[in-house]
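> pasting a predicted model and its sequence here:
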Amino acid sequence: MDKLLLTTTEAAQRLGIGRSALYDLIRTRRLRTVKIGARRLVPVDALPEVIAVLVEETAA
């Protein structure tokens, strides 16, 4: 079974960006996350969403 939640490091790797850029996306609420205990995790289905948001912002 594939993972449903990714660590911030895994999400950054999948998006091909650095961790600081990923945290900027989280801070500006363009990337959905969940918090479980002290861990901040990224749902796998949030990755295509953030890509669509970034494409839309670039086109505007």
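On my side now, so go ahead. Since the structure is predicted, the reported quantities are computational estimates derived from the model, not experimental observations.
> grab the longest helix from the protein for me.
Among the segments of the chain that qualify as a helix by DSSP state H, the longest is helix 46-59.
> okay, buried residues for that helix please.
The neighbour-count check on helix 46-59 (16 or more other Cβ atoms under 10 Å) flags Ala46, Leu47, Val50 as buried. (Each C-beta comes from the backbone N, C-alpha and C, glycine too.)
> can you tell me which of the residues you listed is closest to Thr9?
Leu47 (13.7 Å; Cβ to Cβ).
> thought Ala11 was touching that closest one, still the case?
Yes - with contact defined as Cβ atoms under 8 Å, Leu47 counts as touching Ala11 (6.7 Å).
> what average pLDDT does stretch 13-30 get?
Stretch 13-30 carries an average pLDDT of 97.
> any idea how far that stretch is from the chain center?
For stretch 13-30, the separation from the chain centroid amounts to 6 Å (computed by Cα atoms, centre = their mean, to the nearest Å).
> do stretch 33-46 as well
Using Cα atoms, centre = their mean, the offset of stretch 33-46 from its chain centre is 9 Å.
> mean confidence score for that stretch?
So the average pLDDT for stretch 33-46 ends up being 97.
> and it, how far apart are its ends?
8 Å (Cα to Cα, to the nearest Å).
> how close does the residue of the chain most remote from its centre sit to Arg32?
Going by Cα atoms, centre = their mean, the residue of the chain most distant from its centre is Ala60, 21.2 Å out. The gap separating Ala60 from Arg32 is 21 Å, by Cβ to Cβ, to the nearest Å.
> also Asp24?
14 Å.
> Glu10 now?
Glu10 sits at a distance of 15 Å from Arg32 (criterion: Cβ to Cβ).
> now Ala59
Ala59 is 21 Å from Arg32, where distance means Cβ to Cβ.
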